Structures are given as structure tokens and as C-alpha cells.
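> here is my input; please provide its structure:
(chains A and B)
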Number of protein chains: 2
Amino acid sequence: MNTHPPERPRILLHDPTLRDGHHAVGHQLDADQLRAYATAANAAGVPVVEVGHGNGLGASSLQIGRARLDDATMLTTVREALTSARMGVFMAPGWGTSGDLAAAVHRGADVIRIAAHCTEADVTERHLGVVRDLGAEAQGVLLMSHMTGPGELAEQCALMAKFGAQAVGIMDSAGHYLPSEVTGRVHAIAEAVDVPVIFHGHNNLGLAVANSLAAVDAGAVVIDATARGFGAGAGNTQLEVLVAVLERRGIETGIGLREVLSAADVAADRLMKAPPSIDSIAVASGLAGVFSGFKRPVLESARAEGVDPVDLFLALGERQVVAGQEDLIGDTARQLKAATR
Amino acid sequence: MNTHPPERPRILLHDPTLRDGHHAVGHQLDADQLRAYATAANAAGVPVVEVGHGNGLGASSLQIGRARLDDATMLTTVREALTSARMGVFMAPGWGTSGDLAAAVHRGADVIRIAAHCTEADVTERHLGVVRDLGAEAQGVLLMSHMTGPGELAEQCALMAKFGAQAVGIMDSAGHYLPSEVTGRVHAIAEAVDVPVIFHGHNNLGLAVANSLAAVDAGAVVIDATARGFGAGAGNTQLEVLVAVLERRGIETGIGLREVLSAADVAADRLMKAPPSIDSIAVASGLAGVFSGFKRPVLESARAEGVDPVDLFLALGERQVVAGQEDLIGDTARQLKAATR
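A predicted model of the protein is given here:
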């Protein structure tokens, strides 16, 4: 049973603008940009500002993409800008290490997310323990969570809670969910754990705000949202929109509307060339349930083989390809081409 | 009682890209643009392609904004591009006349929407009768429908059905609705009329797709949606996204996914500088429940008086200002300024 029955409903908005948004700009935000947005979000009363390479601590690399700044500089810059907000970081075991966690806490990270594929919570055990030993708040999140059902997600979240996670939940990495699917999953997780439940949406099917509302109604307490939706693919749940919608619903966030609109204006002016939109590739990847970070290699393989990128995304969805299996993109494109000869 | 219980669910998507989208470009689409999109939408199996000045037949004027093309040229151009899709037009009594209706039918309009403020369905009687006499399909829609409740909307829709409307429904002109509010209203209307129910959403609160789904679940059969969401303010329900979402739900639209994605790409490339996004002004107008077409005069009055446009939108919402009351914008701005001295 979830032990957070709100007398007066209150939701904690967790803001990964400066981490998930990095996917939209090839991880190239500079220190002035980080400082400007972190200052504005802090002034708006945003409770957690997450920062880092799009793929998290230790992920900056030739293979995934080098960030403009190293982890230390990013964390130090944002830490200096935050007076009331806590600082969050994200880490996927395999990219980051225990040493990265210790360095992040040393530089002032308060909340540390350890991420795993939706069926692989066991890989989070060691790092959740490290975070707890370091004295930071440990959270566990499951990626590509649409690929399994409520029962297994609840079990995997319960496992992360057992490993020491102080909040657990799911990410809709492909932007694939309908609200009813979120309801069932979040409800199952909230029933299975004693810690706050997290939901992180993407907008490929135009449903990120609605899915976040469904998550709240099903018992989620920590909702991820980014300014102007700045994030991978079609972007995340739009923070300032969610604040307005929760205000209409009478749910407290502790965030001021005018101030968060100002922070979003800073994000729009300083961080991005254009706000995320739902282009045809984003629709196809959302429908197929494929990680939208695959956009670039999919477009390249589709062009190389002369196949429709929409068809390629749908075929990758049928093969249930996940991050780390980028080599299957070219294979699948070649098979599509052969099949249409 | 609604007499359309679908054995195999089927929704008719009505596409006002070339009418509502006109708001986003000062009514300046040219004939090549209309032809390119109408051809693509027709090829995708879109059942109704609506065209015209953003405010409908007869609205092109100095006061509201002159369209690049006259109504006759717009209708003739689109008519020539449609082989299977029907052509729709929109008219608000006061701007358009019976003569405009006759001319539109003469130029091949198949579906004619007569619009009224949500409490003023009585003004549609004469024109709905004219449309029926002309042999076109007559539809009645209520604007700014969030300003009244399910009971009155059901009564007003029943009145339009009595006047001869062959489909009736509601527009979320300010993009103000939460899904639960759509559910109650559409359900009440579907219970009160024997004709298909229409829903037209806007995306100011990021909920246009979710509200359209809620409308479908509550019994709506005709859903408006535009390519890339091209439309007033934060834009409309995004057509190609809704097709994908309805496909996930197992609901038939008769529209091909790849073809509608191609049509949306044509719209993105040919009709707009950038796809609609939810900026801070759009959030404020959606939250306030004020018609997003007020954006320009609100920004001007806010600048003239040195007040925050977000505050001005919220104050206009409290005064329940509607289209035609543009003169209240300056008054309200001056009062805001005086109150903050």
C-alpha cells in the first residue's frame, strides 16, 4: 500500500529539462544556459532540477555523443544556481559507475535516479545501495515500461524499493502509452510499494499531459516534466502546462504559475532552437513503441536502403528493439528492402 | 438517445486544417498551398476537408483580417483537388449570410457548419434551414462551450437538431477543457440528440488529443483534427497523431496512417513557418478560458499599459470576455494597471 494518502493533494514535479532536453541539442548546453534555466526554475519553486548528459552520469562518449561540459562542470554550475530546489542526476548502470555517483554527491546532487530496462531491476541493486550509503535520496526508474504489464512492473518496482529506492516508478521512453495503460500500471505499482511512485512521460502520441494526469489519479506522487517539453523525440510532459492543469484540478505543486511561465520562457529563449513538436517520425516511433532516440540512425538506415522510415520504425517495434541494439536498425532496413523487391 | 451505437467503432475525422490553420498565418494561404494540402488529405482518405477564412464564410474584412483569397477562389481550388473527400465550410451568423451559403453550395461545399456562442443556438435556426434547403449537410456547433455546463449544452444542441442540423456539437475554443469535463458534456449531448455529436479541441493545456479520446468514449462520432495541429493559438487536435491513437484503440477512421503522415508532412512543409506550440500566452489563455484569437490585442494592450499579459488574460477570463468584446481588453488592461499602482 502506498503510504501517502494526500489529505490535501500534493504532487512533486521533478524537472529534467537540463538532462532530457540535452537529447534535443546533442548534449551541447553550455554553463550560461544551465545557469539561466536553473536560476529561473529555482525561483519558480520547482522542487528538483535534474542536470546532466541526456543518458546520464558517465554517458558522454564518442558512441552516444559527447556533452559540451563534463559532469563535474554541469553539476557545479547548477548547484550554485539553486537556493531552494534540490539537484537531481540520472544514471544508467553500464554508462555510469559508483565513482560517478560519489563524485555527483560530492558536488551536491541530492536526488539520484538509477535506471534500468523495465524487466531488469536487479541491475540497480548495487548502485541504489551506493546512493543510500552516500546519504543522497535514491530513486529507481524503469525504462521502456510499455514493454511489460502492470504485474511485472509492480514486482520490479518492489524489488527496487527493497534495494533501498526511496521512490520508484516508470518511464514512457517511447511515448507509447494511452492514459488507461498508465492508470493500470501506476495503480499496480502504488499497491505494491510503500514509497512514492514516479511517472515520466513523452509526448509522441500527444498524451504526455493526459498520461501524467492519469498517473496522478492512479497514485503517482512524483511527476517528471520539462519546460516547453524540452526533451528527447517529441519531448516530455510540458512543465508549465502541467502546473496550469494541476491548478485547474485543485492539486498543489508549490510552483508559482507566473514564475514557471517565466522559467519556460527562459528555456524557450535560451536552450532550444524551437520547442519540440510531434513530427511524423515521432508519431511512428511512439506508435511502434521504439525509443525516439533512434531517430537519427533510423533516418540514416532508411535513406541508405531506400525504405520508408515510418515502415522501419514499425518493423523495429515488431522486433521489440531496445537501446543498445542499434546494430539491428541496419539489419531490419535491409530486410525491409529485400521484402519489397 | 444517440442512434449510432457502433458495432465496430468508427469515427469520422473532420479536417479544418485549411480553415482553423488560417488563424495561424493571418488568413494568407494561397491557391497552391490549398491545392497541395487538399490533394494530400484526399489521398489519405480524410473524409471532410474544411476550407475558408479562419472565421468562416464572409469573415474576410479589415476588422478581422483580410484573407489572401476570396471565398469563391478558396472553395473552387479545394473542390478541384478532392475526388473522394467531401468539402466543408464554416459560418458564424453575423459574418456570413444566406447568400454566402448559397454561393458555397454552388461551388461544391458538401458539409456546412453553422456556429454560435454556446448559449445562443437560436441564432442558427435560419441558416441551418437555408443549408437544408440548399441540399447540403447542415451541422451546428457551439463556440466557447466551456462557459456553460452539460445541461445547457445538451439543450442548445437539441435546439440545433430541431432546426435541422444533421450533426451537432461543441468547440473548446479556448483550449480550456480537462478530459473529465468533455466526458460530462458530450455524454449529456449524446443523450439529448438523435444525430452524430461533434467535438473540436484546442491544445492550450496540452490535452487536445486526450479530450478528443474522452469525447469518443462519451459518444462523439465526428472529431475535428488538423495536420500538425495547424490552428488558432496552441493549435487543434493533431490529425495524424489522433489517427495513430485511434489505431492503438482499435477504432476505425478509414484514414491510412502512412498517407496521413505524408499529408501532415505536406502541411508542415507548405502551410506553416513552424508547427503550433504551447507558449506561455497559450497556457494563460487556456487556463483563463479566453479565446486564443485574442493573443495579439492582449499583447498590444499589455505592452501599452505596462502590465503582464498573463495577468491580463487571467483578468479577462474572470470577466468572461468573449469574441466581439475586444474593446474590453484595453479597459481591463487599464484597470489592472490602476490596481497595481
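
> dump the residue contacts of the residue in the stretch 151-300 of chain A positioned nearest to chain B.
Closest contact between the stretch 151-300 of chain A and chain B, by Cβ to the nearest Cβ, is at residue A:210 (3.2 Å). C-beta coordinates here come from the backbone N, C-alpha and C atoms, glycine included. By Cβ atoms under 8 Å, 6 or more residues apart in numbering or on different chains, the contact set of residue A:210 is A:179, B:179, B:206, B:207, B:209, B:210, B:213.

> show me what residue A:88 is bridged to.
residue A:50, residue A:111 (DSSP bridges).

> gap between the residue nearest the centre of chain A and residue B:110?
Geometric centre of chain A, nearest residue: residue A:200, 5.4 Å, by Cα atoms, centre = their mean. From residue A:200 across to residue B:110, the span is 45 Å (Cβ to Cβ, to the nearest Å).

> show me the shaky parts of chain A.
Per-residue confidence for chain A (pLDDT under 70) gives these ranges: A:1-9, A:341.

> tell me where it has helices.
Taking DSSP state H, the helices of chain A run over residues A:17-20, A:31-44, A:71-81, A:98-106, A:125-134, A:150-162, A:179-192, A:208-217, A:239-248, A:257-270, A:280-288, A:295-305, A:309-318, A:327-339.

> need those helices in a markdown table with distance to residue B:242, can you?
Converted to a markdown table, the helices of chain A look like this (distance: least, Cβ to Cβ, whole Å):
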| stretch | distance to residue B:242 |
| --- | --- |
| helix A:17-20 | 25 |
| helix A:31-44 | 32 |
| helix A:71-81 | 38 |
| helix A:98-106 | 41 |
| helix A:125-134 | 40 |
| helix A:150-162 | 26 |
| helix A:179-192 | 14 |
| helix A:208-217 | 13 |
| helix A:239-248 | 19 |
| helix A:257-270 | 25 |
| helix A:280-288 | 10 |
| helix A:295-305 | 21 |
| helix A:309-318 | 16 |
| helix A:327-339 | 26 |
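
> how close does residue A:175 sit to residue B:305?
When residue A:175 is compared with residue B:305 (using Cβ to Cβ), they lie 41 Å apart.

> for the closest residue to residue A:151 other than its chain neighbours, what are its contacts?
Distances taken as Cβ to Cβ, 6 or more residues apart in numbering or on different chains place residue A:188 nearest to residue A:151, at 6.5 Å, with adjacent residues excluded. Residues in contact with residue A:188 (Cβ under 8 Å, 6+ apart) are A:150, A:151, A:153, A:154.

> who wins for neighbours among those residues?
Each of the contacts of residue A:188 was scored for neighbours by other Cβ atoms under 10 Å in any protein chain shown, and residue A:153 scores highest at 26 neighbours.

> quick revisit: out of residue A:175 and residue B:305, which sits in the busier spot?
Ranked by neighbour count (other Cβ under 10 Å), residue A:175 and residue B:305 place residue A:175 first, with 31 against 17.

> what are the phi and psi angles of that one?
Phi and psi for residue A:175, reported as degrees, to the nearest 10, are phi 60, psi 40.

> enumerate the residues of the stretch 151-300 of chain A near chain B.
Contact residues, the stretch 151-300 of chain A versus chain B (Cβ under 8 Å from any Cβ of the partner chain): A:178-179, A:203, A:205-210, A:213, A:228-229, A:237-238, A:240-242, A:244-245, A:247-249, A:257-258, A:261-262, A:264-265, A:268, A:274-280, A:283-284, A:286-287.

> thinking again about what came up before, how about the contacts of residue A:188 in CSV, adding distance to residue B:93?
Shown next, in CSV, are these (distance: Cβ to Cβ, whole Å):
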residue, distance to residue B:93
A:150, 51
A:151, 56
A:153, 53
A:154, 56
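
> tell me the contacts of the nearest residue to residue A:268 once chain neighbours are set aside?
Spatially, and ignoring its direct neighbours in sequence, residue A:268 is nearest to residue A:228 (5.2 Å; Cβ to Cβ, 6+ apart). Residues in contact with residue A:228 (Cβ under 8 Å, 6+ apart) are A:235, A:238, A:239, A:240, A:264, A:267, A:268, A:272, A:275, A:276, B:277, B:278.
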